[in-house]
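Q: build the 3D model from these lines:
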Amino acid sequence: MTTQPAPAPLLIACALGIEQFALRVSERGGAGGPVTVLRTGMGPAAAERAVSRVLAGPALRDAAVLATGFCAGLAPGMHPGDLVVAEETRDPRGSVPCVGTERLVKELVRAVPGRTVHTGPLTGSDHVVRGHERSALLATGAIAADMESAATLLTAVRAGARPVAAVRVVVDAPEHELVRIGTVRGGISAFRVLRSVLPAFYEWHRSLLLPRR
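A: All right, here's what the predicted structure looks like:
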């Protein structure tokens, strides 16, 4: 009788305590294998340090990595609570292509019906994007920005070949700029959406568990 290898774990990385709180149920684990939620702290440097540390350990050395949390929407017409599935993440050090984006879109539409799902490049920033910066970043082709996804995925692939993805929830947008998370309607809407996305993450993870060639 052939023994099947243990399924690869899933590492879900987010920056903020409120994001980790929204994702807390994933500590129970998904059907595809063990799931760990990592709070990295804010900013690309913090994300790089945290992800490097956990991927260096034996438990998560081969983990698939998914960056998530809130983001700034860059395109006109985006609304708080919209979802962004990155086709790639970018920062000044380069770009990282994401895996299984079509599957993520399909599962997110199922998990959060009625919410718009955008796909495109997700760009990294070392600060919160405000005002005129949005149009400058939009001109590069990016549709959303955050501080950790690009650093998280770049660190992950440099630590070893693995599937990576990024899914973000728009917390503010050009016509809906947020002052402080959790104090306005947009922040609350984004939080509720983030609480609902875990089934889509689990299905994405499960879809990766085919034997690698």
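Q: C-terminal to the helix or strand of the chain with the lowest mean pLDDT, what's the next element?
A: Lowest by mean pLDDT, DSSP states H and E among the helices and strands of the chain is helix 185-194, with a mean of 78. Once helix 185-194 ends, the next helix or strand along the chain (criterion: DSSP states H and E) is helix 198-207.
Q: for P121, name its beta-bridge partners.
A: E88 (DSSP bridges).
Q: quick one: contacts for it?
A: Applying Cβ atoms under 8 Å, 6 or more residues apart in numbering, we find P121 in contact with A86, E87, E88, T89, R90, S95, T140, G141, A142, I143. In short, each C-beta sits where N, CA and C put it, glycine included.
Q: where in this structure is pLDDT low?
A: 1-7, 25-32, 174-187, 210-213 (pLDDT under 70).
Q: surely A145 is in contact with H127?
A: No. Taking contacts as Cβ atoms under 8 Å, A145 lies outside contact range of H127: 9.9 Å.
Q: what is the neighbour count of V164?
A: 26 (other Cβ atoms under 10 Å).
Q: show me the contacts for it.
A: Applying Cβ under 8 Å, 6+ apart, the residues near V164 are A64, V65, L66, A67, V96, C98, V99, L153, A156, V157.
Q: okay, now the fifth one: neighbour count?
A: Here the number of neighbours of V96 (other Cβ under 10 Å) works out to 26.
Q: hmm, it is touching L153, no?
A: Yes. Under the criterion of Cβ under 8 Å, V96 makes contact with L153 at 4.3 Å.
Q: so for the two, which residues contact both of them?
A: T89, V164.
Q: all strands for the chain, in order.
A: Listed from the start of the chain, the chain has strands (DSSP state E) covering 10-14, 35-39, 64-73, 83-91, 94-97, 117-124, 144-146, 164-172.
Q: want to throw the ones you listed into a markdown table with distance to R206?
A: Output for the strands of the chain, formatted as a markdown table (distance: least, Cβ to Cβ, whole Å):
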| stretch | distance to R206 |
| --- | --- |
| strand 10-14 | 9 |
| strand 35-39 | 11 |
| strand 64-73 | 11 |
| strand 83-91 | 17 |
| strand 94-97 | 21 |
| strand 117-124 | 19 |
| strand 144-146 | 26 |
| strand 164-172 | 13 |
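Q: so which of those gets nearest R110?
A: strand 117-124 (10.6 Å; Cβ to Cβ).
Q: now the angle from the closest one to helix 198-207?
A: 80 degrees (axes from the mean of the first three to the mean of the last three Cα atoms, to 10 degrees).
Q: tell me the contacts of S196?
A: A111, V112.
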